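[1] The sequence and its predicted three-dimensional model are supplied below.
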Amino acid sequence: MAKNLLTVTDRVDTFVTRYNQLTELVGDLANLQTSVDSDIVGSINQVFNLVNQDSDFRSKFSLTFTGGDGAASYDSDTGIFSVTGASAAEARAHISVTDAGGDGSAAYNSSTGVITYTGPSPAEVRAHVSVTDAGGDGSLSYNASTGVITYQGPTLTEARAHVSAQNSGSGYGSLAYNDSNGVFTFTKVTDANIRGRVSATDAGGDGSFAYNSSTGVFTYTGPSAAEARAHISVTDAGGDGALAYNASTGVITYTGPSASEVRAHLSASAGINYNSTTGAITIDSAETRALFSAGEGIDISSGSISGEDATTSNKGIASFSSTNFTVSSGAVSIKADGISSTELKDLSTLLIKNASGTTLKTFHAAGS
């Protein structure tokens, strides 16, 4: 048995597993029936000494031989059991052989213990074999004296008698069979037979299709150039440029719009001048400036646009005091403590709230 060692340096899970294994191997100490109950090795030695020294221990054993082959005995002085196996003669006396008949033989010699089997003779084996020739071509026979089975295959005449040739249908060619010599004769289909089954029909239209039954040649003539051009036409639906088709040559001619036709589709509006003769487009500065007008807070002078400073009576560009306001990305907000009570007139209490209605700052006028 492999040793199961418990080491204090083991991991906790390994220590628990090995401790449980040791507990199972040792068992319940309370069940140890010796005077030594604190030392397993001492307990085992005590039991060994009792077995080794107490001569009465051997007297607790006995042996009874109930008969049969061999012999058995027990010496209580030495504690030795003696068994003598069955002799060869006793063993052979329990064996017998019965020959139940049939081919071959079986015998047993109880003096030597030898079993002798003699297999069936050739004559006995051949006596169990027979052959029946059920008719038909060839023959099959059996010689019971020699055990030879003889098969004679069908003759040529018998084989040819089972073969025939048949022509079916009214097609060309023929097949014949001579049962005297077994020869098949096939008369093949001629080229004329095959070509006579083929025809061609020209259903009209461009080109032509024909078949020569004497040579088996199909001839297809494609449409002529004139026939192809006859199926093409061009319609000039008007507008700039032109499109024309020559049915004699098959040429389609496209003439793009002229410069004057293109310029005729352009015009100018306020602030832009257009010359339809040359196609030149120019800007009219005076008309363009006339399209703009100044409003409150904005000045326009000779095409230059500028902003006006804001006043109490005019909207315009204004600045915010860094003491009271904060400006970031165009957003203006009041600084914390940016407005004092001295900057408010006739006001006892001022509440500043955010968009959700929460009071951010409360100002009280002097004396309130």
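    Cool, got the structure.

[2] so where is the stretch 201-350 of the chain shaky, pLDDT-wise?
    338-348 (pLDDT under 70).

[3] hey, where'd the strands end up in the stretch 101-250 of the chain?
    105-109, 114-118, 139-143, 148-152, 174-178, 183-187, 208-212, 217-221, 242-246 (DSSP state E, counting those that start in this stretch).

[4] and the last one, C-alpha only, in CSV?
    Think strand 242-246. This file holds the C-alpha atoms of strand 242-246, laid out as CSV (Å, rounded to 0.1, in the frame of the first residue of the first chain):
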residue,chain,number,x,y,z
ALA,A,242,-29.8,67.3,-84.8
LEU,A,243,-30.0,63.5,-85.3
ALA,A,244,-30.2,61.8,-88.8
TYR,A,245,-30.0,58.2,-90.3
ASN,A,246,-28.9,57.2,-93.8
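
[5] burial measure for T362, as a count.
    10 (other C-beta atoms under 10 Å). Backbone N, C-alpha and C define where each C-beta goes, glycine included.

[6] Would you mark the buried spots in stretch 132-146?
    For stretch 132-146, a neighbour-count test (16 or more other C-beta atoms under 10 Å) marks nothing as buried.

[7] which outside residues touch it?
    The contact list for stretch 132-146, computed with C-beta atoms under 8 Å, 6 or more residues apart in numbering, reads 126-127, 129-131, 148-155, 158-159.

[8] gap between the nearest residue to A230 once chain neighbours are set aside and A93?
    Using C-beta to C-beta, 6 or more residues apart in numbering and skipping residues adjacent in sequence, the residue nearest A230 is A247, 6.9 Å away. Distance of A247 to A93, computed by C-beta to C-beta, to the nearest Å: 130 Å.

[9] Run through the stretch 1-150 of the chain and note the low-pLDDT ranges.
    Ranges of the stretch 1-150 of the chain meeting pLDDT under 70: 1-10, 12, 15-16, 19, 22-57.

[10] Recalculate using a threshold of 50.
    For the stretch 1-150 of the chain, no stretch has pLDDT under 50.

[11] Where do the helices of this structure begin and end?
    Ranges of helices within the chain are 12-26, 40-53, 88-92, 122-126, 156-160, 191-195, 225-229, 259-263, 285-290, based on DSSP state H.

[12] re the thing from before, the residue nearest to A230: what's it in contact with?
    For A247, the contact set (C-beta under 8 Å, 6+ apart) comprises 229-230, 232-233.

[13] so who does the closest residue to T78 other than its chain neighbours touch?
    Distances taken as C-beta to C-beta, 6+ apart place R58 nearest to T78, at 7.7 Å, with adjacent residues excluded. Listed by C-beta under 8 Å, 6+ apart, the contact set of R58 reads 76-79.

[14] Which among those count as buried?
    Here, 16+ other C-beta under 10 Å leaves nothing buried among the contacts of R58.

[15] Pick the one among those residues closest to E308.
    Among the contacts of R58, G79 lies closest to E308 (C-beta to C-beta), at 135.9 Å.

[16] burial count for P223?
    P223 has 14 nearby residues by other C-beta under 10 Å.

[17] so it touches F209, yeah?
    No: if you go by C-beta atoms under 8 Å, P223 and F209 don't touch, sitting 11.7 Å apart.

[18] and for these two, which residues touch both?
    In contact with both P223 and F209: no residue, using C-beta under 8 Å, 6+ apart.

[19] hmm, back to that, now for the contacts of stretch 132-146, which sits with the most neighbours around it?
    Of all the contacts of stretch 132-146, R126 has the most neighbours under the rule other C-beta under 10 Å, reaching 17 neighbours.

[20] Contacts only, for the nearest residue to it once chain neighbours are set aside.
    Nearest residue to R126 in three dimensions, chain neighbours excluded: G147, at 4.4 Å (C-beta to C-beta, 6+ apart). By C-beta under 8 Å, 6+ apart, the residues touching G147 are 122, 125-126, 129.

[21] can you rerun that using 10 Å?
    By C-beta atoms under 10 Å, 6 or more residues apart in numbering, G147 lies in contact with 122-123, 125-127, 129.

[22] for A280, same thing?
    263, 273-274.

[23] before we move on, the earlier item: turn the strands of the stretch 101-250 of the chain into JSON lines, columns for distance to D13.
    Formatted as JSON lines, the strands of the stretch 101-250 of the chain follow (distance: least, C-beta to C-beta, whole Å):
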{"stretch": "strand 105-109", "distance to D13": "69"}
{"stretch": "strand 114-118", "distance to D13": "66"}
{"stretch": "strand 139-143", "distance to D13": "84"}
{"stretch": "strand 148-152", "distance to D13": "81"}
{"stretch": "strand 174-178", "distance to D13": "93"}
{"stretch": "strand 183-187", "distance to D13": "92"}
{"stretch": "strand 208-212", "distance to D13": "96"}
{"stretch": "strand 217-221", "distance to D13": "94"}
{"stretch": "strand 242-246", "distance to D13": "96"}
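
[24] and of the ones you listed, who's closest to K335?
    Closest to K335 of the strands of the stretch 101-250 of the chain is strand 242-246 (C-beta to C-beta; 77.2 Å).

[25] strand partners of that closest one, parallel vs antiparallel please.
    strand 251-255 (antiparallel) (DSSP bridges).

[26] And the partner strand, how far out from the chain middle?
    Centroid displacement of strand 251-255 relative to its chain, using C-alpha atoms, centre = their mean, to the nearest Å, is 60 Å.

[27] any idea how far the nearest residue to F218 once chain neighbours are set aside is from K361?
    Take F218 and drop its neighbours on the chain: the residue closest to it by C-beta to C-beta, 6+ apart is Y211, 5.3 Å away. With distances taken as C-beta to C-beta, Y211 is found 110 Å from K361.

[28] same question, N275
    Going from N275 to K361 by C-beta to C-beta gives 68 Å.
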